[in-house]
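**Student:** quick one: sequence plus predicted model below, questions after.
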Protein chains: 2
Amino acid sequence: MWYIINMITTFDAVADPTRRQILDLLRVRPHTVNELVELLEISQPGVSKQLKVLREVGLVQVRQEAQKHWYELRPEPLAEVFNWVVNYRSLIEERYERLDELLKTMQEEEQNND
Amino acid sequence: MWYIINMITTFDAVADPTRRQILDLLRVRPHTVNELVELLEISQPGVSKQLKVLREVGLVQVRQEAQKHWYELRPEPLAEVFNWVVNYRSLIEERYERLDELLKTMQEEEQNND
DNA sequence: ATCTCATATTCCTTGGCGGTTATATAACCA
DNA sequence: TGGTTATATAACCGCCAAGGAATATGAGAT
């Protein structure tokens, strides 16, 4: 008998602001847990827990060096998010372009009113 | 006295698979609630609830036509997600490129072994 | 007015999440 | 060995989300 329980996805992982913050920090360079604890504003167990989540979805990996655990980014799973949202890219930009045009039109009309 | 309560973000909105499914459907064309109910596998109140969430973050808008409510996509808020994940784009692709190179190297070595 | 169709809202249950404190583990040091 | 540093795990709490069933609202149709 199999129970499929609650597999967390990459989308879930990046939905949490703390975890995004961690990823943004690891994008710069690997950090130890304590370094992250000092940079974030949650307790050490809190950080360890979020790191565990990130590990489970494969977004980070650990390199142990004596007592220190260096966490580093594994960006690959973000491809899923990127590939999803990129489908909307043209729509997003299209609207911006239309907005640009609207603003231009308004400016021109304003000038014509002088 | 101010209570800042639980503002849902665009990231939260797209973290839910049902809501992503709705967005993907609305990307094709506007849909009524009942159309979505038939395409998704949750109850009508369930759909209405997710649409409310999407409305709150500005990802959809409604156009009412008699009893029918046409929901259509408002992609703008996705820019936030896109702009975040795009920072990782080079990292993702870099890795893929390295993988490509590795595969090429392996193939070449294999040929050399003939 | 009443009936029906389309949608929203309310109330409820279940379950998990993000955070905490306390404790365990593990590696190094003296 | 005992002590210290670094991290993980356990137990717990408060909160809210996702979904369903029942009900309300609202807009035609007759």
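**Tutor:** Alright, I've got the coordinates. Residues are numbered from 1 along each chain as shown, chains lettered A, B, ... in the order given.
**Student:** let me see the contact set for residue A:31.
**Tutor:** Remark: with contacts taken as CB atoms under 8 Å, 6 or more residues apart in numbering or on different chains, residue A:31 is in contact with A:25, A:39, A:70, A:71. For the C-beta atoms, the positions are set from N, CA and C on the backbone; glycine is no exception.
**Student:** please check those and keep the buried ones.
**Tutor:** Restricting these to buried positions leaves A:25, A:70, A:71, with burial counted as 16 or more other CB atoms under 10 Å in any protein chain shown.
**Student:** for those, could you give me a markdown table that also reports pLDDT, distance to DNA strand C and secondary structure?
**Tutor:** What follows is these, written out as a markdown table (pLDDT from 0 to 100; distance: CB to the nearest atom of the strand, whole Å; DSSP: H, G, I helix; E, B strand; the rest coil):
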| residue | pLDDT | distance to DNA strand C | secondary structure |
| --- | --- | --- | --- |
| A:25 | 98 | 14 | helix |
| A:70 | 98 | 13 | strand |
| A:71 | 98 | 15 | strand |
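**Student:** hmm, which two among the contacts of residue A:31 are most spread apart?
**Tutor:** A:39 and A:70 (14.7 Å; CB to CB).
**Student:** surely residue A:55 and residue A:49 touch.
**Tutor:** No - shown here, residue A:55 and residue A:49 do not form a contact pair, counting by CB atoms under 8 Å, at 10.6 Å.
**Student:** so which helix or strand of chain A has the lowest pLDDT on average?
**Tutor:** helix A:89-112 (a mean of 68; mean pLDDT, DSSP states H and E).
**Student:** is any part of the helix or strand containing residue A:55 close to DNA strand C?
**Tutor:** Element membership of residue A:55 [criterion: DSSP states H and E] is helix A:44-56. Yes - contact between helix A:44-56 and DNA strand C, assessed by CB under 7 Å from any atom of the strand, occurs at A:45, A:46, A:49, A:50, A:53.
**Student:** could you export the residues you listed as JSON lines, including neighbour count?
**Tutor:** As requested, the residues of helix A:44-56 next to DNA strand C are exported to JSON lines (neighbours: other CB atoms under 10 Å in any protein chain shown):
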{"residue": "A:45", "neighbour count": "9"}
{"residue": "A:46", "neighbour count": "14"}
{"residue": "A:49", "neighbour count": "13"}
{"residue": "A:50", "neighbour count": "20"}
{"residue": "A:53", "neighbour count": "17"}
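**Student:** need the residue closest to the centroid of chain A.
**Tutor:** residue A:20 (4.2 Å; CA atoms, centre = their mean).
**Student:** show me what contacts that residue?
**Tutor:** Contacts were defined as CB under 8 Å, 6+ apart; by that measure residue A:20 touches A:14, B:11, B:84.
**Student:** of the residues you listed, which is the most crowded?
**Tutor:** For the contacts of residue A:20, neighbours were counted using other CB atoms under 10 Å in any protein chain shown, and residue A:14 has the most, 25 neighbours in all.
**Student:** ok, for that residue, nearest residue in space, not its chain neighbours?
**Tutor:** Closest residue in space to residue A:14, ignoring its immediate chain neighbours: residue A:20 at 5.7 Å, by CB to CB, 6 or more residues apart in numbering or on different chains.
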